[in-house]
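> Below is the structure, and that's it, no one-letter string:
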């Protein structure tokens with residue numbers, strides 16, 4: 001197993017740690033987005049200050065860099081967020 005790569009990205013003017021584990025599960029990488037604070041504070045992706053996401057390796061390898069992929073992923077995940085006032089259609093987001 002490869003060692004994780006850690007770096008900081010800025011989303012909505014807020015910095016957060018990203019821990020990238022390549023090929024964590026078969027052909028999927030694991031991204032962890034974390035608050036820089038201890039105890040954790042909310043981040044744009046999560047009220048708890050932590051978000052875990054698996055992404056296919058072929059998408060990451062096609063990106064200009066892991067950091068660029070993580071920034072694009074964070075933007076996409078923020079676009080998926082919805083408020084409790086949104087109508088519940090019963091649909092679920094896809095896992096990947």
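Arrived safely, thanks for sending. As the structure is a computational prediction, the values presented were derived from the model and not from experiment.
> And stretch 59-71, how far out from the chain middle?
Relative to its chain's centre, stretch 59-71 lies at 12 Å (C-alpha atoms, centre = their mean, to the nearest Å).
> Pull the contacting residues for residue 8.
15, 16, 17, 18, 36 (C-beta atoms under 8 Å, 6 or more residues apart in numbering). All C-beta spots, glycine's among them, are computed from the backbone N, C-alpha and C.
> quick one, helices of the chain?
57-62, 66-80 (DSSP state H).
> what's the longest strand belonging to the chain packed up against?
If you go by DSSP state E, the chain has its longest strand at strand 14-25. Strand 14-25 is packed against strand 5-11, strand 28-34, helix 57-62, helix 66-80, with contacts defined by 3 or more C-beta pairs under 8 Å, 6 or more residues apart in numbering; DSSP states H and E.
> and among those, the most buried is which?
Each of the helices and strands packed on strand 14-25 was scored by mean neighbour count; the highest is strand 28-34, a mean of 20, by mean count of other C-beta atoms under 10 Å.
> for that one, what is the average pLDDT?
Averaged over strand 28-34, pLDDT sits at 96.
> strands paired with that strand, and their directions?
strand 14-25 (antiparallel), strand 50-56 (antiparallel) (DSSP bridges).
> I'd like those strands laid out as JSON lines, including mean pLDDT.
Formatted as JSON lines, those follow (pLDDT from 0 to 100):
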{"stretch": "strand 14-25", "mean pLDDT": "92"}
{"stretch": "strand 50-56", "mean pLDDT": "95"}
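> In TSV, list these along with distance to residue 78 and mean neighbour count.
As requested, these are exported to TSV (distance: least, C-beta to C-beta, whole Å; neighbours: other C-beta atoms under 10 Å):
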stretch	distance to residue 78	mean neighbour count
strand 14-25	11	16
strand 50-56	10	16
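> In TSV, list the helices of the chain along with distance to residue 10 and mean pLDDT.
Shown next, in TSV, are the helices of the chain (distance: least, C-beta to C-beta, whole Å; pLDDT from 0 to 100):
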stretch	distance to residue 10	mean pLDDT
helix 57-62	20	94
helix 66-80	8	91
